[in-house]
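Novice: sequence and computational prediction follow.
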There are 4 protein chains.
Amino acid sequence: MTSATLPPRKVGVLGCTGSVGQRFILLLASHPSFTLTAIGASPRSAGHPYAFKVSWKQTSPIPASAAALIIKTCEPANFADCDIVFSGLDADVAGPIETSFLEAGLTVFSNSKNHRRDPITPLMVPLVNTHHFGILDHQRKQRKGTMVTNANCSTTGLVVPLKALIDKFGPLEAVTVTTLQAISGGGYPGVPSFDVLDNVVPYIGGEEEKIEWETGKILAELNEARDEFVHTEIKVSAQCNRVPVIDGHTACVSVKFAKQPAPSVEEIKQAFREFKCEAQELGAPSAPKQAIIVRDEPDRPQPRLDRESEGGYAVVVGRIREDPVLDVKFVGLSHNTVIGAAGSSILNAEVGVLKGLI
Amino acid sequence: MTSATLPPRKVGVLGCTGSVGQRFILLLASHPSFTLTAIGASPRSAGHPYAFKVSWKQTSPIPASAAALIIKTCEPANFADCDIVFSGLDADVAGPIETSFLEAGLTVFSNSKNHRRDPITPLMVPLVNTHHFGILDHQRKQRKGTMVTNANCSTTGLVVPLKALIDKFGPLEAVTVTTLQAISGGGYPGVPSFDVLDNVVPYIGGEEEKIEWETGKILAELNEARDEFVHTEIKVSAQCNRVPVIDGHTACVSVKFAKQPAPSVEEIKQAFREFKCEAQELGAPSAPKQAIIVRDEPDRPQPRLDRESEGGYAVVVGRIREDPVLDVKFVGLSHNTVIGAAGSSILNAEVGVLKGLI
Amino acid sequence: MTSATLPPRKVGVLGCTGSVGQRFILLLASHPSFTLTAIGASPRSAGHPYAFKVSWKQTSPIPASAAALIIKTCEPANFADCDIVFSGLDADVAGPIETSFLEAGLTVFSNSKNHRRDPITPLMVPLVNTHHFGILDHQRKQRKGTMVTNANCSTTGLVVPLKALIDKFGPLEAVTVTTLQAISGGGYPGVPSFDVLDNVVPYIGGEEEKIEWETGKILAELNEARDEFVHTEIKVSAQCNRVPVIDGHTACVSVKFAKQPAPSVEEIKQAFREFKCEAQELGAPSAPKQAIIVRDEPDRPQPRLDRESEGGYAVVVGRIREDPVLDVKFVGLSHNTVIGAAGSSILNAEVGVLKGLI
Amino acid sequence: MTSATLPPRKVGVLGCTGSVGQRFILLLASHPSFTLTAIGASPRSAGHPYAFKVSWKQTSPIPASAAALIIKTCEPANFADCDIVFSGLDADVAGPIETSFLEAGLTVFSNSKNHRRDPITPLMVPLVNTHHFGILDHQRKQRKGTMVTNANCSTTGLVVPLKALIDKFGPLEAVTVTTLQAISGGGYPGVPSFDVLDNVVPYIGGEEEKIEWETGKILAELNEARDEFVHTEIKVSAQCNRVPVIDGHTACVSVKFAKQPAPSVEEIKQAFREFKCEAQELGAPSAPKQAIIVRDEPDRPQPRLDRESEGGYAVVVGRIREDPVLDVKFVGLSHNTVIGAAGSSILNAEVGVLKGLI
């Protein structure tokens, strides 16, 4: 199936001037089916062309299609003609704004943490759990609009390989993960240079809790009534570090399988390589050809060299080897602002459209 | 007890122009009892004053006392009057040179990996296992000279807090550690800038194996006959990363205690703070006043801010908290070229002298 | 004129595993008319597929078209069917190898410094002095093969704006330039991380002399007999620094015009924006649409944000303002491995082909 | 003359929690004659112990003598018993606060730009123009208190070598300087990591104007009536860049002498080495033994290796060579938060005390 089958949709972006918002603008500018028709930011930017108000920090120039768009305030009326509203709003303002969009009957794909724990809102990683769209019918009975959230950037890169392992080898008993996270995850101005030059910071507020909790919801089963997520029982321990890398979160992962003996390193490599997800099967245009790329070199993945794999939509895995404490350990890498944020929302939306839900 | 009691010794340094060698020169220049009398390097540097042949990369200037010393070749005859020979030689040349010094009856404290697995040679971290000096009597029956090795830089920072936990709470069942290691551990020219600028490298050749094996020997008991080390049974899993930090290895550690229920976070903090080692009790001049410094801030330790604690001879620990998979996790930081290398050798030697063995 | 008119050519790359060589491989993989048919490296790599012997450090994967090519030794016979041989060889081996290719009658576009000062060999920056191809007739009378060199990476970014100024306002009397150069200019392993982490190095061996001398040859007139370059009389003073940037050389430039009063800042901006070069007029496929991009923001150009402009083939200029000592100052930025190295060779070759010379 | 002769003084620090303020606290903690008795910050910090309110970012721990001091609001009454008040306040609040201290009759040494252009207030670099203290008599006739400002951090490192040249060879006609400035000059949080990781920023707001103007005032003569500064006529052109360096501003300088022929490179080296300033002659305890350190290596000074020279109170100069456009060029390095900020104020104050003025 090819991407030609994705029907066109009008989309809007909330929080268009921020880090995630800029990535949305960039990814949507070359999107085959989604047309950007409305962009929103704070009142002090509203009323001006995008190019005049954004402090553009991407390595590609501002897309011509976005540069002249007039920024609007983040009110539902301004986005009434959008089939999909992508939200890159910061957590400190996202809550009430996104809720107001819901109440106005709009469809919101959110990057923010505010609604992730809502029991009827999917917490969706597009390479993992698009079957959670199944709760939308129930959700729409409860409220006027539709909402899908995507996961924390550091959770995203982790759950993709975990899902591949579970699909093939059954439940996991325990997972430990130590992350080395890029500064772009902190937004702009975000992480002060004084904190990460000749330094690492072994702490990112709230991040470890997010990874430990979100994993269970993302890997959840949707119950038969399709109105509840049954969280996976899995012990997750996370240690998060900020490192001086622009883009690309590295995760040092160890896993213990419920079923023993555990699969071999070769079987695991195979499982990663064969992993397929619904977004690929439906022919979503942003879906990576290879969802998990396995590198055999001893020193990969590395963020600067591997983060652009499949345009940032794949997860790159390497150093798969036995673990003397749990069963197996490996290193995963994901592009935190593509598959870990804006790209995740876009790919989720593509799947939703292809499923006829949006 | 004060440092005034450390009797004077003449010391030499092998590999004086390298990274570890430079740190030896710097630390010895201000040492209260050790006088640097001989320095050795490769034949192409030999015969010239130190200042002319070293590519000095330290932030303090070349000590005046060392600048004019004439570099010698690394032959035992050139170091015959040294009570102690510190070796900062690279592993690719250290083996036979250090052996020739042993055969000449000299006393060698080595930083290299070459003799660490020798069953009658201590693998010594000065804050942990100076009781391993007890094997020297046996060692001297087997060969003319004396050798003590110190541990890999990344193992060093790990075993100090482990030792404090074992002393207080009994054996550990399992330890997982993910390191974020400084570039100075790779020597000079060492790590290419192309590899660590906007990047991390999730691999350091041989490092994980060293941590996993050395921990068992360092935490070993010396048997009653004092002629054998009985390695500790402890499962250790290490994942090692190179990060763009000049000095200071960060370790994200999780531990599982043999005895359950595990001690509380507060008990562990207490144990770290109260930890004392023989080097302190003997009044070794380089021993830190506080061997393990516990930081209570949520975002410490950090390499740039904490590596100079106690002149680089302490281990700084923070973020002690419960671990959903093992029992407890924390972050440790150690200065890889002080307590993790040259400083470790010097402090080991101080203890040896104070014990009357050297 | 469109790029469709560039006739196809078979090309080879010498030094294919090095930094410049990798960039050649990458740029040629997507080239519309040049087909890579032979790649050369040292004897220890020869005989093996490219993917097995290159330590690939680019952010895009190894092009499939190159991965399986068998590396050859750098002997002319192995490149006999190449219409064009691009050389990315290091200066320490480039001299005799490139000469042997010339003697075998091949056409060499070299990145190395070895033949730049040869009086009958063009030193060519494709946006500046492709009229120097006029000496090829003379050159071919003197030897069997053909050679065109391109300039030092830091000279390249400088001479493009200088050329625009001279074209519009006549000769320059003096130029001062202080560069902040990327580490990729030093190759791989190249600059040790220890030298540029939390540091800059105010020295790059031979670089200042190259800028000061090459500028005169690049801006030279070809005499009427078309057998000699008449170097421009222009005083150039360069200060070169290495900074921790992956790609992109920044140059802080001041110029003094021969004719006074000097043009205004606005006139200079205009001149930059209007600058056209022969490569553009001929429709060379790699020629940038805009050769000099003028940024009006106060804090641009910046290497990370601007180096990819026009695929790295443009020079980005900003901060144009009056200079209290000379006349005008500005900041220029160029991608040192695209327009400053491999891309420069390729674009030079395109022009040569379009002119019917190759 | 030794430092023992500096009489004791009670001192206060305004803006104690900021970057410059932290450096004041650190330098004063080990000061032989100045005792810190009062510290001031914003009302939200006031009333709390220093250690509880400062986000300490120095590599040495918070000095015990400062940790328990209670922060006060920045009102003159709270500093009434201070002989000297050092101000590290940010420019956006420094103006009115410092003025209120003056009106209260206090003696203020300010790091801020707000009063630098005041015609009766010295703009003082302690290694250059402490004879400007001569205006204090006049100043005290005009107002109740006393004020001395120090220069912008990037100007400081420049004017010290310029002063040495003028003292020896007479007036300079022109100076061009391109700086590579450390991030600590931007305070905390200051420069976002996103702006300087794999990047340089060729712009620092207001910095070039400061260098170009301040140089004339610092090198001014005090007129005979000692009530006016006669600015030096010197053309200065500055280009300022922010680079990813923690501490230490590098300046690439070119100078043209009024008197021709210009001195030789050797004569200039000699002049730098022989340069002496009043702070040294008076035996000020913080004065460097060598005010200008000349490095002969081809690749020095470098910020990471040389910034700590003489505790950060010296200027390090290297790469002195002929300039094809002006006369001579060289590279200078100064520690921007020691001699370029807090240390400058302290050393100025020491000289004032030794002269019997404070």
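Specialist: Happy to help now that I have it.
Novice: make it CA atoms for all contacts and neighbour counts henceforth
Specialist: Will do.
Novice: so how far is the lowest-mean-pLDDT helix or strand in chain A from its chain's centroid?
Specialist: Within chain A, no helix or strand scores below helix A:64-67, which has a mean of 93 by mean pLDDT, DSSP states H and E. A distance of 24 Å separates the centroid of the chain from that of helix A:64-67, by Cα atoms, centre = their mean, to the nearest Å.
Novice: tell me the buried residues in that helix?
Specialist: Neighbour counts over helix A:64-67 (16 or more other Cα atoms under 10 Å in any protein chain shown) mark A:66-67 as buried.
Novice: in its sheet, what does the helix or strand following that helix sit against?
Specialist: Next along the chain after helix A:64-67, taking DSSP states H and E as the criterion, comes strand A:71-73. With DSSP bridges as the test, strand A:71-73 is paired with strand A:34-41 (parallel).
Novice: residue A:8: how many residues sit nearby?
Specialist: Using other Cα atoms under 10 Å in any protein chain shown, residue A:8 is surrounded by 14 other residues.
Novice: so it touches residue A:33, yeah?
Specialist: Yes - with contact defined as Cα atoms under 8 Å, residue A:8 reaches residue A:33; the gap is 4.4 Å.
Novice: what about stretch A:312-323, distance to the chain center?
Specialist: 17 Å.
Novice: that one and chain C, any residue contact?
Specialist: No - counting by Cα under 8 Å from any Cα of the partner chain, no contacts exist between stretch A:312-323 and chain C, the nearest distance being 11.2 Å.
Novice: identify each buried residue in that stretch, please.
Specialist: Within stretch A:312-323, judged by 16+ other Cα under 10 Å, the buried ones are A:312-323.
Novice: any part of it near chain B?
Specialist: Yes - using Cα under 8 Å from any Cα, we find that stretch A:312-323 touches chain B at residue A:323.
Novice: ends of stretch A:283-303, what's the gap?
Specialist: Length of stretch A:283-303, first residue to last, Cα to Cα, to the nearest Å: 27 Å.
Novice: ok, now stretch A:195-209?
Specialist: Terminal residues of stretch A:195-209 lie 22 Å apart, using Cα to Cα.
Novice: and it, does that touch chain D?
Specialist: Yes - if you take Cα under 8 Å from any Cα as the test, stretch A:195-209 does meet chain D, through A:196-197.
Novice: give me phi/psi at residue A:293?
Specialist: phi -100, psi 120 (degrees, to the nearest 10).
Novice: helix/strand/coil for the spatially closest residue to it that is not a sequence neighbour?
Specialist: Spatially, and ignoring its direct neighbours in sequence, residue A:293 is nearest to residue A:316 (4.7 Å; Cα to Cα, 6 or more residues apart in numbering or on different chains). What DSSP: H, G, I helix; E, B strand; the rest coil gives for residue A:316 is strand.
Novice: quick one: contacts for residue A:322?
Specialist: When contacts are counted by Cα atoms under 8 Å, 6 or more residues apart in numbering or on different chains, residue A:322 touches A:265, A:328-329.
Novice: which among those residues count as buried?
Specialist: A:265, A:328-329.
Novice: now these in JSON lines, with distance to residue B:45?
Specialist: Compiled in JSON lines, these are given as follows (distance: Cα to Cα, whole Å):
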{"residue": "A:265", "distance to residue B:45": "48"}
{"residue": "A:328", "distance to residue B:45": "47"}
{"residue": "A:329", "distance to residue B:45": "44"}
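Novice: quick one: these as JSON lines, columns for secondary structure too.
Specialist: Output for the buried ones among the contacts of residue A:322, formatted as JSON lines (three-state DSSP):
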{"residue": "A:265", "secondary structure": "helix"}
{"residue": "A:328", "secondary structure": "strand"}
{"residue": "A:329", "secondary structure": "strand"}
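Novice: specify the beta-bridge partners of residue A:178.
Specialist: Beta-bridge partners, per DSSP bridges, of residue A:178: residue A:239, residue A:252.
Novice: mind telling me which residue of the stretch 151-300 of chain A is nearest chain C?
Specialist: residue A:198 (6.3 Å; Cα to the nearest Cα).
Novice: so what's that residue up against?
Specialist: Each residue near residue A:198 by Cα under 8 Å, 6+ apart is listed here: B:244-246, B:303-304, C:197-198.
Novice: can you check residue A:103 too?
Specialist: Applying Cα under 8 Å, 6+ apart, the residues near residue A:103 are A:143-145.
Novice: start and end of stretch A:271-286, how far apart?
Specialist: End-to-end distance (Cα to Cα), stretch A:271-286: 22 Å.
Novice: that older thread, nearest to residue B:74 among the buried residues of stretch A:312-323?
Specialist: residue A:319 (38.9 Å; Cα to Cα).
Novice: then that closest one would be within a helix, right?
Specialist: No - remark: residue A:319 does not belong to a helix; assigned using three-state DSSP, it is strand.
Novice: in space, what's closest to it - neighbours in sequence excluded?
Specialist: residue A:330 (5.1 Å).
Novice: that older thread, Serialize the contacts of residue A:322 to TSV and add fields for pLDDT and distance to residue B:151.
Specialist: Shown next, in TSV, are those (pLDDT from 0 to 100; distance: Cα to Cα, whole Å):
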residue	pLDDT	distance to residue B:151
A:265	98	30
A:328	98	26
A:329	98	24
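Novice: among the residues you listed, which one sits closest to chain D?
Specialist: Nearest member of the contacts of residue A:322 to chain D, counting by Cα to the nearest Cα, is residue A:329, at 30.2 Å.
Novice: and that closest one, how far is that from residue C:254?
Specialist: Distance of residue A:329 to residue C:254, given as Cα to Cα: 55 Å.
Novice: around chain C, pick out the residues from the stretch 101-250 of chain A.
Specialist: Residues of the stretch 101-250 of chain A lying near chain C (Cα under 8 Å from any Cα): A:197-198.
Novice: spatially nearest residue to the residue of the stretch 101-250 of chain A found nearest chain D (excluding sequence neighbours)?
Specialist: Nearest residue of the stretch 101-250 of chain A to chain D: residue A:193, at 3.8 Å (Cα to the nearest Cα). With sequence-adjacent residues excluded and distances taken as Cα to Cα, 6+ apart, residue A:193 is closest to residue D:193, at 3.8 Å.
Novice: same deal with residue A:174?
Specialist: residue A:235 (4.6 Å).
Novice: next, that neighbour: phi, psi?
Specialist: Main-chain dihedrals, residue A:235, degrees, to the nearest 10: phi -80, psi 120.
Novice: near residue A:187, how many other residues are there?
Specialist: 15.
Novice: in chain A, which spans are helices?
Specialist: Using DSSP state H, the helices of chain A run over A:19-29, A:50-53, A:64-67, A:91-103, A:136-142, A:153-169, A:193-196, A:207-218, A:265-274, A:278-281, A:303-306, A:343-354.
Novice: of all these, which lies closest to residue B:204?
Specialist: Between the helices of chain A, helix A:303-306 lies closest to residue B:204; by Cα to Cα that is 15.8 Å.
Novice: so does the closest one get close to chain D?
Specialist: No - judged by Cα under 8 Å from any Cα, helix A:303-306 stays clear of chain D, getting no closer than 10.9 Å.
Novice: isn't residue A:232 right up against residue A:221?
Specialist: Yes - shown here, residue A:232 and residue A:221 form a contact pair, counting by Cα under 8 Å, at 7.4 Å.
Novice: pLDDT weak spots in the stretch 201-350 of chain A?
Specialist: Within the stretch 201-350 of chain A, no range satisfies pLDDT under 70.
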